[in-house]
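[1] Curious how this folds, go ahead:
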Amino acid sequence: MRTVRIRAALPALAGAALLTGTLLSTPAQAVGGVHIHHVWFDSPGPDNRSNTSLNAEWVQIKNSGSSAVSLKGWILKDASNHKYVFPNVKIGAGKYMKIHTGSGSDTASNKYQGRRAYVWNNDKDTATLTKASGTKVDSCSWTTRDPSDVYC
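    So this is what the prediction gives:
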């Protein structure tokens, strides 16, 4: 009798594991925990297109996973399809990385798009992170200027 109950329960347990482990996981969990963490879409002060002002506009991603993830070829884009393609870089486990709009020297935690105009709209926009294959990893949207940033 006991063997029959276990055999009858196995398909249900397998189905529950499938639902909780695959179908209900977020895209960020599926790629090692990389997700959009914070967006500063309205840089402080006047929008004068200075490099300082452009670099005060950024998207911060986080790797919540337990191992480093290669971002080579991944794309960060806005709703108007302005794209930043990640070079051959990795984001370490538990680490953050900011992608600034303006110019600067790349480091492990700061990347620069080298643009001379703002990317992120102050009133509404969506930041989308995709793998090189085009698979969506995460997105973050906002519809207000106040405050000038959003945690995702």
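[2] Tell me where this structure has strands.
    34-40, 58-63, 69-70, 75-77, 83-85, 90-91, 96-100, 110-112, 125-130, 136-142, 149-151 (DSSP state E).
[3] quick check: angle from the first one to strand 136-142?
    In this case it means strand 34-40. For strand 34-40 against strand 136-142, the angle by axes from the mean of the first three to the mean of the last three CA atoms, to 10 degrees is 20 degrees.
[4] quick one: strand 34-40 to strand 96-100, angle?
    Using the same axes, to 10 degrees, strand 34-40 lies at 50 degrees relative to strand 96-100.
[5] Quick check: neighbours of strand 34-40 in the sheet, parallel or antiparallel?
    strand 58-63 (antiparallel), strand 149-151 (antiparallel) (DSSP bridges).
[6] what does the first one contact?
    By that I understand strand 58-63. 32-40, 69, 76, 91-101, 120, 127, 129, 140 (CB atoms under 8 Å, 6 or more residues apart in numbering). Heads up, the C-betas are built off the backbone N, CA and C, glycines and all.
[7] same check, this time on the last one
    Residues outside strand 149-151 that contact it (CB under 8 Å, 6+ apart) are 37-42, 140, 142.
[8] returning to what we had before: looking at the strands of the chain, which is buried most?
    strand 58-63 (a mean of 24; mean count of other CB atoms under 10 Å).
[9] Residue 116: how many residues sit nearby?
    Residue 116: 11 surrounding residues under other CB atoms under 10 Å.
[10] among the strands paired with strand 34-40, which gets the worst mean confidence?
    Within the strands paired with strand 34-40, confidence is poorest for strand 149-151, with a mean of 94 (mean pLDDT).
[11] from the chain's centre, how far out does that strand sit?
    Averaging C-alpha positions (CA atoms, centre = their mean, to the nearest Å) puts strand 149-151 13 Å from its chain's average.
[12] Kindly report the same for stretch 51-60.
    Relative to its chain's centre, stretch 51-60 lies at 16 Å (CA atoms, centre = their mean).
[13] now swap in stretch 132-152 and tell me
    8 Å.
[14] still on that earlier bit, could the contacts of strand 149-151 go into JSON lines alongside pLDDT?
    Formatted as JSON lines, those follow (pLDDT from 0 to 100):
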{"residue": "37", "pLDDT": "98"}
{"residue": "38", "pLDDT": "97"}
{"residue": "39", "pLDDT": "97"}
{"residue": "40", "pLDDT": "97"}
{"residue": "41", "pLDDT": "96"}
{"residue": "42", "pLDDT": "94"}
{"residue": "140", "pLDDT": "97"}
{"residue": "142", "pLDDT": "96"}
